[in-house]
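Peer 1: what follows is a predicted protein model with its sequence.
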Amino acid sequence: MRKRFLFSLASVLLLSTLLLAGCNSGKSTEGSGKVTLTFGTSQSGIPRTGIMQTMAKEYEQETGVKIDFQVVPDAQWRDLIKVKLASGEAPDIFNVDVDPLSMPANVRPEENAIDLTNEEFTGRMSEEILPTVSHNDKVYGVSFAPTKIWYVYYNKRIFQELGIEPPTSYAEFKAISQKIKDKDIIPFYQAPASGWYQVLPLFETGPNYEQTTAGTYEKLNNNEMKVADMTQLKTVIEQLKEFADLGYFGKDFLSNTVEAGIEAFGQEKAAMLLRVPGTEKEVSEAYPEMEDNMGFFVMPWGDNQTIGVNPGGSAAMFGNKNSKHPEEVLKFFRWITEHDHLQRVFDEGEGNLTICWPEIEPKLTQDYIDYEKDHEKGTVMQAAVKYIDPQWMDIGKDLSGMFAGAMTPDQILQNIDKRRAEQAKVLKDEKWQ
């Protein structure tokens, strides 16, 4: 089985490489004289509704410039774009997940990205998002990101029929999951095949670690403690393993993808899943019977009751500095950030209730407003602690290995520390010298 998995992974990597093989900067339509800009992204880097592709076709009709989207599976994209950037073969436009700590290392913007500092539209992005797309006082990226919060969404009808309430502790979480499983419904939808989804509980609950032991983030950034010293984080990993062993993620869940989660939840095959605000719209549009049937709560692994906030938390677009058509890239950025076009991306996206452009009115419902008033908030660990986000997909592989019985929580923590040290040395971080 392991050999088959490795063979499949190698095949996907090869396919992904072939998909982007033609993504050399400044690709032009052969013989036509028209410019084609390549746009490289992961599956989750652009809305699944297809609004970006639709608008790109309209842009082509207006300008004659074609946007050629090269969409790669999430599990391969981070490694692939690093290779493409290092080899000088990156697309004209590329999406990268950003946060203030990891963006400079992941993008190396001074070498690879077009400077957008003097563009009019950069002055309209929110102050909260600018640090995630900036480096050394220069702006390099364009984002449509909401302030990202991951909640556990649940099926109200299933909960009501079983007489259960949203949990506020891990013990309650486990108890309601058993009741759901007893009804032959998957308690919680997990998606390890996408590579990143299973990592969310570890670091989105980071504010809980910081509140319990003040100064944790600072000590980690100063190399005064190890991730392996975080007993609460180890507890969360152990609880994920327990959920898997008890069948609360369902059978054969290792092959689940994020994209299939909406279907499983919408068809009431799964009672809970992790999603961001606005999930109600996406689910109810695909499954009208689910309208007004969804509630949410903070993920209670490690007895967490604090809302984890990621001010960036999503992909941003960067223009390739080495593109043969930098002016065309800038013109597309200027077009897509016009007010009416921002509104379309917001309205016709995946249902996000906020966007990092203050000129666009948010759509937060009273339920969210009240819930946030009743709970403390804090910054998620990957946005506040160095060298966590760059190894996100590696941690995802470790967790999948643990689910399959090949790794232990202690080994996962040790691997995280090892990779943090390696990244710190590459970047010559004085705290690790």
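Peer 2: Sure, I can see it.
Peer 1: all strands of the stretch 301-433 of the chain, in order?
Peer 2: 307-309, 315-319, 377-379 (DSSP state E, counting those that start in this stretch).
Peer 1: out of the ones you listed, which is closest to residue 65?
Peer 2: Among the strands of the stretch 301-433 of the chain, the nearest to residue 65 by Cβ to Cβ is strand 315-319 (13.3 Å). The C-beta positions use only the backbone N, C-alpha and C, and glycine is treated the same way.
Peer 1: just to revisit the earlier point, deepest in the core, which of the strands of the stretch 301-433 of the chain is it.
Peer 2: Highest mean neighbour count among the strands of the stretch 301-433 of the chain (mean count of other Cβ atoms under 10 Å): strand 315-319, with a mean of 26.
Peer 1: what comes into contact with that one?
Peer 2: 41-42, 44-46, 92-98, 103, 107, 109, 112-114, 116, 132-133, 140-143, 145, 326, 329-330, 333 (Cβ atoms under 8 Å, 6 or more residues apart in numbering).
Peer 1: just how off-centre is it within its chain?
Peer 2: The chain centre lies 14 Å from the centre of strand 315-319; the measure is Cα atoms, centre = their mean, to the nearest Å.
Peer 1: low-confidence bits of the stretch 251-400 of the chain, can you list those?
Peer 2: 313 (pLDDT under 70).
Peer 1: can you map out the helices along it?
Peer 2: 261-266, 279-286, 326-336, 339-347, 366-374, 392-403 (DSSP state H, counting those that start in this stretch).
Peer 1: so what touches the shortest one?
Peer 2: What it means is helix 261-266. Residues contacting helix 261-266 (Cβ under 8 Å, 6+ apart): 153, 155, 186, 189, 191, 256, 269-270, 272-273, 275, 282-283, 286-287, 290.
Peer 1: neighbour-wise, which of those residues leads?
Peer 2: Scoring these on neighbours with other Cβ atoms under 10 Å, the highest-scoring entry is residue 272 at 28 neighbours.
Peer 1: pull the contacting residues for that one.
Peer 2: 152-155, 180, 187-189, 265.
Peer 1: recalculate using a threshold of 6 Å.
Peer 2: The contact partners of residue 272, by Cβ atoms under 6 Å, 6 or more residues apart in numbering, come to 152, 154, 188.
Peer 1: and what of residue 139?
Peer 2: Applying Cβ under 6 Å, 6+ apart, the residues contacting residue 139 are 116-117, 122.
Peer 1: what's the pLDDT at it?
Peer 2: Model confidence at residue 139, given as pLDDT, is 97.
Peer 1: measure it to residue 118 for me?
Peer 2: 9 Å (Cβ to Cβ, to the nearest Å).
Peer 1: now swap in residue 252 and tell me
Peer 2: 52 Å.
Peer 1: and for residue 155?
Peer 2: Counting by Cβ to Cβ - residue 155 and residue 118 are separated by 49 Å.
Peer 1: can you pull the pLDDT of the residue lying closest to residue 179 once chain neighbours are set aside?
Peer 2: Leaving aside its chain neighbours, residue 179 sits nearest to residue 162 (5.2 Å; criterion: Cβ to Cβ, 6 or more residues apart in numbering). pLDDT recorded at residue 162 is 98.
Peer 1: skipping adjacent residues, who's closest to residue 137 in space?
Peer 2: That would be residue 117: by Cβ to Cβ, 6+ apart, it lies 7.8 Å from residue 137.
Peer 1: from what I see, the one you found and residue 138 are in contact.
Peer 2: Yes. Assessed by Cβ atoms under 6 Å, residue 117 is found in contact with residue 138 at 4.7 Å.
Peer 1: looking at the two, which one has more neighbours?
Peer 2: residue 138 (15 against 11).
Peer 1: could you say which helix or strand holds residue 152?
Peer 2: strand 151-155 (DSSP states H and E).
Peer 1: okay, the angle between that strand and helix 366-374?
Peer 2: 130 degrees (axes from the mean of the first three to the mean of the last three Cα atoms, to 10 degrees).
Peer 1: neighbouring contacts of strand 151-155?
Peer 2: Under Cβ under 6 Å, 6+ apart, the answer for strand 151-155 is 271-273, 275, 279, 294-297, 299.
Peer 1: so of those residues, which ones are in strands?
Peer 2: 271-273, 275, 294-297 (DSSP state E).
Peer 1: okay, these in TSV with distance to residue 219 next?
Peer 2: TSV is the format used below for those (distance: Cβ to Cβ, whole Å):
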residue	distance to residue 219
271	38
272	33
273	33
275	32
294	39
295	36
296	32
297	30
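Peer 1: list the contacts of residue 220.
Peer 2: residue 385.
Peer 1: buried sites along the host helix or strand of it?
Peer 2: In the assignment (DSSP H and E), residue 220 maps to helix 216-221. Going by neighbour count (16 or more other Cβ atoms under 10 Å), the buried part of helix 216-221 is 216-217, 219-221.
Peer 1: check stretch 375-395 too.
Peer 2: 378-395.
Peer 1: now the element after the helix holding residue 220, going C-ward?
Peer 2: Heading C-terminal from helix 216-221 (DSSP H and E), you reach helix 231-245.
Peer 1: what is that next one packed up against?
Peer 2: Judged by 3 or more Cβ pairs under 6 Å, 6 or more residues apart in numbering; DSSP states H and E, helix 231-245 is in contact with helix 409-426.
Peer 1: put the alpha carbons of the helix it packs on into CSV.
Peer 2: C-alpha atoms of helix 409-426 as CSV (Å, rounded to 0.1, in the frame of the first residue of the first chain):
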residue,chain,number,x,y,z
PRO,A,409,3.2,12.6,18.3
ASP,A,410,6.7,12.9,19.8
GLN,A,411,8.3,12.2,16.5
ILE,A,412,6.1,14.9,14.8
LEU,A,413,7.2,17.5,17.4
GLN,A,414,10.8,16.6,16.9
ASN,A,415,10.5,16.9,13.2
ILE,A,416,9.0,20.3,13.5
ASP,A,417,11.9,21.5,15.7
LYS,A,418,14.4,20.0,13.3
ARG,A,419,12.9,21.7,10.3
ARG,A,420,12.7,25.0,12.2
ALA,A,421,16.4,24.8,13.0
GLU,A,422,17.2,24.0,9.4
GLN,A,423,15.2,27.0,8.1
ALA,A,424,16.7,29.3,10.7
LYS,A,425,20.2,28.4,9.7
VAL,A,426,19.5,28.9,6.0
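Peer 1: residue 121 and residue 157, how far apart?
Peer 2: 44 Å.
Peer 1: which of those two has more neighbours?
Peer 2: Each of residue 121 and residue 157 has its neighbours counted (other Cβ under 10 Å); residue 121 has more, 18 against 15.
Peer 1: ok, that one touching residue 335?
Peer 2: No. Counting by Cβ under 6 Å, residue 121 stays clear of residue 335, with 9.9 Å between them.
Peer 1: ok so, going back, pull up the pairing partners for the strand holding residue 152, direction included.
Peer 2: According to DSSP bridges, strand 151-155 forms sheet pairs with strand 270-275 (antiparallel), strand 294-298 (antiparallel).
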